[in-house]
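Trainee: Sequence plus the predicted model coming up.
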Amino acid sequence: MGMTLAEQILARAAGRESVKAGEFVVADIDLALMHDIFAAQVFDLLSDVGIDRVFDPDKVVIVIDHLVPAPSTEAASIHQRIRGHVSRLGINAFYDAGEGICHQLLPENGHVRPGMLIVGTDSHTTTYGALGAGGTGIGTSDMVYALATGRLWFRVPETVRFELTGDLLPSVSWKDVILHLAGRFGSDGAQYRAMEFDGPAIKNADMASRLTVSNMALEMGAKFGLFPADEVTDSYLRGQGAAGTNAFRADPDASYEAVHHVSLADLPPQVAMPHEVDRVGPVTDVEGLQIHQAFLGSCTNGRLEDLRAAAEVLANHHIAPGVRLLVAPASRAILQEAVDTGILATLVDAGATVLAPGCGPCFGGHGGLLAPGERCIGTHNRNFIGRMGSAEAEIYLASPATVAASALTGKITDPRLLEVAHA
Amino acid sequence: MPDDELRGRVWKFDHDISTDVLSPGQYAVDPVEVRKLHVLESVNPVFASEVEPGDVIIAGRNFGCGSSRETAPENLTALGVSCVVAESLSRLFMRNAVAVGLPIVVCPGAHEAFADGDQAEIDLGSGRVANPGTGVVLRGEALPDEMREILAAGGILAVLRSQSGQSLN
Ligand code: SF4
């Protein structure tokens, strides 16, 4: 019997010929990621247990991205402690405040290769599935165990496969696709499962789009959100100055818990409504709702392609009075490219406030929180109650084009209608 | 295996209770004594002050969805919650609950079968969940031995401590 991508990844990491869904394995970790919310605590716990080293300093990546720039003395002190631990433990892959969000920096800097098993103290570690890597979130205690031993237990997940067909309409992006899947299959539609995205449509999904989809696979409960490694993966890796890759695919006779065939051909722009990621419908369902803030950024949609899509909508226009448009590029490299290509100038001309590369207000820590009664539309991945400040604020999730169109009119707006108005 | 049978007073919650609700982001880096005061406050403002050691949470689908923050199950253990029974649990919450030693049971039908203040009887070994007040008995999923061993040790760090005594360092 053949293996799914998830089974292949865990079999190799466990040093086994083959594994099947449902088995427990102890697997070797290829890469361990921590960011500033948890790193200091993990390092302290490691010391508490009496361990003064990590299993392999070259397999550990530390990123300061959440509380950036430090919004409080406490945050600054935590960053200071992290820097101390990083140098004490000899960890070279350290990205300090302002370099960007972990889930952008790891692919961008060649840390992620197809087939790897990657754990992170962050739920959206699933993002690396875009490159065919088994990325998954763990908690701080599991991370202490992984750093100490280089190993961790895993249950081999069942896999749900999504066979995607059809070309996207203009102004529709892969953010709309994953929002649609979340709405259709639910926020626990892939609970404990690996998701595999395949089918003829994926050849048109560039790496930025795949990163968006794998990132939000987590919002359906997934353990992994995997794309096969193909020509798109190969050319992305080469573009980042890394070595190319061979194809990495599920075996043709692999066994799936379910296979869903989804046509993307007629999909309109989608929006997730408060307060669940799976309360999804066409943007036209909520069109006209007044907004106070628009957020363009996050590890879901803070890439150059996303800023460009927003800039195309906003070029030669100004956002509506009473709207705050916050832009947080996902990395310094993206910020630099946005400067070099004029995309940033377009956004600023349109009235955007540019934040430091990092998480920005995405998780409600700082940098653009909401008051009671305020409404925000953002490109990020969560709209839970209280996620961005007040529990009485509302968060809508959408694509960069929809967010930009909404900032322009001050109301939730389908970007396709704007094209008509602009014409 | 140690004692797998639990009994406690029920606090009932709905579907999709997220880690943002179990451990609000504003208190993310505060000590557990502060964090535990804000557990679930946006959906039940009295829970954190009135919950008693041994109480049980009964919830709907997708309990603990959201972030990887282990403070979500840790806050519940700090308040003395003895077990979480849910129609379904987010994968990360489940993993983290095992890691911090908080027993969990996935049990379809549990949300319907209990009201706030009921008593719940839970057998982790078999996955049996019962409401002695109504006589309803449900068959939840038994936890795999690998997870129960970590729970029995008191969490993954306790496992690491006992291993590192033997072989590490
Ligand atoms: S951008 Fe948002 S979702 Fe992504 S890592 Fe940062 S806080 Fe988490």
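Mentor: Right, received. Where do you want to start? Just so it is clear, the model here is predicted, and its values are computed rather than measured.

Trainee: quick one: which helix or strand includes residue 53?
Mentor: No chain was given, so I picked chain A. Using DSSP states H and E, A:R53 falls within no helix or strand.

Trainee: so what's it closest to, chain neighbours aside?
Mentor: Computed as CB to CB, 6 or more residues apart in numbering or on different chains, the closest residue to A:R53 that is not its neighbour in sequence is A:L89, at 6.6 Å. Just so you know, the C-beta spots here come from the backbone N, C-alpha and C atoms, and that holds for glycine as well.

Trainee: Read off the pLDDT value for the one you found.
Mentor: pLDDT, A:L89: 97.

Trainee: For chain B, which residues score under the pLDDT cut-off?
Mentor: Scanning chain B for pLDDT under 70 picks out B:1-3, B:165-169.

Trainee: Strands of that one, residue ranges please.
Mentor: B:5-12, B:56-59, B:83-86, B:104-106, B:119-123, B:128-131, B:136-139 (DSSP state E).

Trainee: Among those strands, single out whichever gets nearest to B:E146.
Mentor: strand B:104-106 (14.0 Å; CB to CB).

Trainee: Does the residue nearest to A:L418 when sequence neighbours are not counted lie in a helix or a strand, and which?
Mentor: Nearest non-adjacent residue to A:L418, counting by CB to CB, 6+ apart: A:A405, 4.6 Å away. Using DSSP H and E, A:A405 sits in helix A:400-409.

Trainee: From the contact counts, what lies against the helix ranked longest in chain A?
Mentor: Assignment by DSSP state H gives helix A:73-89 as the longest helix of chain A. Using 3 or more CB pairs under 8 Å, 6 or more residues apart in numbering or on different chains; DSSP states H and E, the elements in contact with helix A:73-89 are helix A:39-48, strand A:60-63.

Trainee: Walking through the stretch 1-150 of chain A, point out its helices one by one.
Mentor: Under the criterion DSSP state H, counting those that start in this stretch, the stretch 1-150 of chain A contains helices at A:5-13, A:39-48, A:73-89, A:102-108, A:140-149.

Trainee: And the contacts of the first one?
Mentor: It stands for helix A:5-13. The contact list for helix A:5-13 (CB atoms under 8 Å, 6 or more residues apart in numbering or on different chains) reads A:3, A:17-21, A:25, A:27-30, A:115-117, A:132-134, A:154, A:156-157, A:159, A:194, A:196, A:223-224, A:226, A:228, A:248-251, A:254.

Trainee: Also the shortest one?
Mentor: Contacts made with helix A:102-108 from outside it, assessed by CB under 8 Å, 6+ apart, are listed as A:31, A:33, A:35, A:61, A:63, A:65, A:95, A:99-100, A:111-112, A:118, A:120, A:122, A:124-125, A:127-128, A:130-131, A:207, A:211, A:215, A:236, A:240, A:299, A:302-303, A:330-331, A:333-334.

Trainee: would TSV of the helices of the stretch 1-150 of chain A with mean neighbour count and distance to B:V106 be doable?
Mentor: As requested, the helices of the stretch 1-150 of chain A are exported to TSV (neighbours: other CB atoms under 10 Å in any protein chain shown; distance: least, CB to CB, whole Å):
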stretch	mean neighbour count	distance to B:V106
helix A:5-13	25	20
helix A:39-48	20	28
helix A:73-89	16	35
helix A:102-108	27	29
helix A:140-149	26	19
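
Trainee: May I see the ones you listed arranged in TSV, with distance to B:E121 as well?
Mentor: Below are the helices of the stretch 1-150 of chain A laid out as TSV (distance: least, CB to CB, whole Å):
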stretch	distance to B:E121
helix A:5-13	36
helix A:39-48	34
helix A:73-89	43
helix A:102-108	43
helix A:140-149	29
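
Trainee: Out of the ones you listed, flag the one nearest the ligand.
Mentor: helix A:102-108 (5.8 Å; CB to the nearest ligand atom).

Trainee: what's the average pLDDT for the closest one?
Mentor: On average, helix A:102-108 scores 98.

Trainee: Is the ligand within reach of stretch A:36-56?
Mentor: No. Counting by CB under 6 Å from any ligand atom, the ligand has no neighbours in stretch A:36-56; the shortest distance is 8.4 Å.

Trainee: number of nearby residues for the residue lying closest to A:A222 once chain neighbours are set aside?
Mentor: Among residues not flanking A:A222 along the chain, A:A190 sits closest, at 4.2 Å (CB to CB, 6+ apart). Look at A:A190: counted by other CB atoms under 10 Å in any protein chain shown, it has 29 neighbours.
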